[in-house]
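In: need coordinates for the following:
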Amino acid sequence: MRNVDIGGYFSYNPPIMIWRVLLLVFGVYCCATAVIMIKACTVPPVLLSAYRLLGAGVLLLPLFVRDYRRHTGELDSPERRRFLRRELRRTILPGVLLAVHFISWIIGARLTPAANSALIVNMVPVVMPFILFALLRERLTRGEFLGTGLAIAGLAALGFSDFHIRPEHLLGDVVCFGSMLFFAVYLALGRRNRHAASIWLYLVPLYLLGGVLCLIAGLILETPPGMKAGFDGLMTLGLILVPTILGHSILNYSMKHMRGQIVSLTNLGQFVFAGVMAFFWRGEIPAHTFYLAGVLIVAGAAVALKSQSQPQPPAPEAP
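Out: Below is the predicted model:
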């Protein structure tokens, strides 16, 4: 199979590309399950974020140890320490940003109507091009630009009819906007750190650091609960395994191997998956605008993905 160079970032191989797209869509679905389990669980949300991140870090720790040994097997002790410090430094800022995103999102969502918070958190594709350019000098292709326009039109159809700008909601709107920015930069850093020695050397310390920060915040902001026997534990385990170990790990893997704007656009599919699951599992009937928004967002992601299969001029080198 002939490889085609795409934008100077990687070679496009159709079977590999199809696999990566399917994996990304699966990862987005996994992330979308979080809202269902969070609503069903009685554990306070910041502490729940801590449990899911710490649980994911602990369960993935053997993969971290395996990859560390694999990459340092022939190195002497000083070189091993330098290698470990270099890999851990990559994880500090994204780990902090992920924790701050979880915490600030929960706080902001409590201070503003659900329509406001839902619309604001889905604005990642609007700001992602600026973040990617600032960090990587990665510019939108024509297809990504068109796909982004379609997705933004879908967001407008979804939220603007219910979005309210009121003085009493201003603080919540600002906090939600900040939370969205934290998440966007966290994702973009996954692309900047794509040269990490392995995905697990990057993600495991990131999850553990984010979990510790959420735990500290949760113990300060929330009352530590006693879990309901069985059910809350099952929901917490589900959050660890599905939206964290599978969902967030796949998003970071995709940022390593795909263009950042395509990942952010595809990630908008979370609200489509969440709406469908809420209908079947909780009997929540979507508003009429949900269907129009879903079609536009899926179309936007499809247009952007299609553009990746076409040769693009080489990306400019960072100054």
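In: strands of this protein, residue ranges please.
Out: Counting by DSSP state E, the chain has strands at residues 4-6, 10-12.
In: pick out the shakiest of those strands, pLDDT-wise.
Out: Mean pLDDT is lowest for strand 4-6 among the strands of the chain, at a mean of 41.
In: need the per-residue pLDDT for residue 109.
Out: 73.
In: that one contacts residue 176, correct?
Out: Yes: using C-beta atoms under 8 Å, residue 109 is in contact with residue 176, at 6.6 Å. Where C-beta positions appear, they are placed from N, C-alpha and C, glycine not excepted.
In: so these two - more neighbours on which side?
Out: residue 176 (25 against 20; other C-beta atoms under 10 Å).
In: setting aside sequence neighbours, what's the nearest residue to the more buried one?
Out: residue 108 (3.7 Å; C-beta to C-beta, 6 or more residues apart in numbering).
In: same check on residue 133?
Out: In space, residue 133 is closest to residue 139, 6.3 Å off (C-beta to C-beta, 6+ apart).
In: please apply the same query to residue 106.
Out: residue 45 (4.6 Å).
In: contacts only, for the one you found.
Out: Shown in contact with residue 45 (C-beta atoms under 8 Å, 6 or more residues apart in numbering): 38, 106, 222.
In: how much space between residue 133 and residue 262?
Out: Residue 133 is 15 Å from residue 262, where distance means C-beta to C-beta, to the nearest Å.
In: ok, now which ones touch the residue nearest to residue 153 when sequence neighbours are not counted?
Out: Using C-beta to C-beta, 6+ apart and skipping the chain neighbours, the partner closest in space to residue 153 is residue 296 (5.1 Å). Applying C-beta under 8 Å, 6+ apart, we find residue 296 in contact with 150, 151, 153, 154, 157.
In: one more: residue 232?
Out: Applying C-beta under 8 Å, 6+ apart to residue 232 gives the contacts 41, 42, 43.
In: so which of these wins on neighbours?
Out: residue 43 (24 neighbours).
In: surely that residue is in contact with residue 236?
Out: Yes: applying C-beta under 8 Å, one finds residue 43 in contact with residue 236, separated by 6.6 Å.
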